[in-house]
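Got a predicted structure here, sequence first:
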Amino acid sequence: MFLINHEHSYHHIRYWYHSHQGHQVLETENDQLCKFLEERFGYYLLQLGGPTQDEFLTTGPIRYKVYFDLEQTSNYHNSSIVGQFDNLPFLPNVIDIVIAQHILEFAKLPKRILNEIYHVLIPDGYVIIIGFNPLSLWGLMYLYKRHSIAPWQGKFISISRMCRWLTKLGFTIVERKTFFFRPPLLNKDTIQKTLFMEKIGPRLWPCCGAIYMIVAKKTVVALTPIKQRRRIIKRRVATAKTYAEPTSRNIK
């Protein structure tokens, strides 16, 4: 079972993005994604879940973009596939970049999804994880509204825990940041009045943004075959003996 409670809990996030509060968050997330994707090259980009608005996927030099979700969406312009996040139907080492946008908060076994992502990524491929930060004003609201309404129906995962999971799987953390420092307000006018927090937040409390983005690279250690390694060792031993053994010219 992918989701913690029910699948509709995860799908509520997509509807929440259409609210004024959700739209503000979505715009900020897309800005951060665009900044990263504009400088990356490759053949295949895979987006797991998240909003079906794909403006940020239409930019950047990556040729093919695929949207993967639990159900078919009609308003997505690129290729879309339906399936389970913990069982990706792709060959290993084929995807250049994977975007996991607010899916791990709702996963029963988020580490299994990360393992699937590692499996399909090419060596030196990137995964971009976007999640809600529990060490924020939104995290405080999560304590009161948990399991009630989106986006507090999932389970917020801390940045440090997520980085530990990624490192154990074999990823190298390339970048980690938080953004969207405004409180979780619903009133449109009040949200506008708190825009100043976006300027002072990165300087005063850079780790306390409502949203975090972690960029990690799949690292693969090159292994030397055992037979080849034995040959190298024998060669070195033979060379060492040649220099170590006395010759007739050295004997008096």
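Looks like it came in fine. Numbering: from 1, shown residues only.

before we move on, what SS does the nearest residue to residue 79 once chain neighbours are set aside have?
Sequence neighbours aside, residue 66 is the residue nearest to residue 79 in space, at 4.9 Å (criterion: C-beta to C-beta, 6 or more residues apart in numbering). C-beta: built from backbone N, CA, C; applies to glycine. The assignment at residue 66 comes out as strand when based on DSSP: H, G, I helix; E, B strand; the rest coil.

residues contacting residue 66?
Residues near residue 66 by C-beta atoms under 8 Å, 6 or more residues apart in numbering: 44, 45, 46, 47, 78, 79, 80, 81.

What separation do you get for it and residue 43?
Shown here: residue 66 relative to residue 43, a distance of 11 Å by C-beta to C-beta, to the nearest Å.

what's the answer for residue 187, then?
Residue 187 is 45 Å from residue 43, by C-beta to C-beta.

ok, the longest strand belonging to the chain: who's next to it in the sheet?
Using DSSP state E to define each element, the chain has its longest strand at strand 121-132. Strand pairing for strand 121-132, using DSSP bridges, gives strand 95-101 (parallel), strand 211-218 (antiparallel).

got the CA positions of the first one in PDB?
Once non-C-alpha atoms are left out, strand 95-101 reads as follows in PDB (Å, rounded to 0.1, in the frame of the first residue of the first chain):
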ATOM      1  CA  ILE A  95      16.700   8.400 -16.300                       C
ATOM      2  CA  ASP A  96      18.800  11.500 -16.100                       C
ATOM      3  CA  ILE A  97      16.700  13.500 -13.500                       C
ATOM      4  CA  VAL A  98      13.900  12.500 -11.200                       C
ATOM      5  CA  ILE A  99      11.700  15.000  -9.500                       C
ATOM      6  CA  ALA A 100       9.800  13.800  -6.400                       C
ATOM      7  CA  GLN A 101       7.400  16.600  -5.500                       C
END
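
What lies in contact with that strand?
Against strand 95-101 from outside (C-beta under 8 Å, 6+ apart): 29, 33, 37, 40-51, 62, 113, 117, 120-122, 125-130.

Give me the buried subset of these.
Buried subset of these (neighbour count, 16 or more other C-beta atoms under 10 Å): 29, 33, 37, 40, 42, 44-51, 62, 113, 117, 120-122, 125-130.

In which helix or strand does residue 113 reside?
Using DSSP states H and E, residue 113 maps to helix 110-120.

Now do that helix and strand 95-101, the angle between them.
Counting by axes from the mean of the first three to the mean of the last three C-alpha atoms, to 10 degrees, helix 110-120 lies at 160 degrees to strand 95-101.

Helix 110-120: which residues count as buried?
Residues of helix 110-120 classed as buried: 110, 113, 114, 116, 117, 118, 119, 120 (neighbour count, 16+ other C-beta under 10 Å).

Next, format these as TSV and append pLDDT and distance to residue 175.
Shown next, in TSV, are these (pLDDT from 0 to 100; distance: C-beta to C-beta, whole Å):
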residue	pLDDT	distance to residue 175
110	94	20
113	96	20
114	97	17
116	97	22
117	97	17
118	97	18
119	96	22
120	97	21
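
Among the contacts of residue 66, which pair sits farthest apart?
Using C-beta to C-beta, the pair of the contacts of residue 66 lying farthest apart is 44 and 80, separated by 14.0 Å.

quick revisit: any chance of the buried residues of helix 110-120 in a markdown table, plus distance to residue 170?
As requested, those are arranged in a markdown table below (distance: C-beta to C-beta, whole Å):
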| residue | distance to residue 170 |
| --- | --- |
| 110 | 16 |
| 113 | 15 |
| 114 | 10 |
| 116 | 13 |
| 117 | 11 |
| 118 | 6 |
| 119 | 11 |
| 120 | 13 |
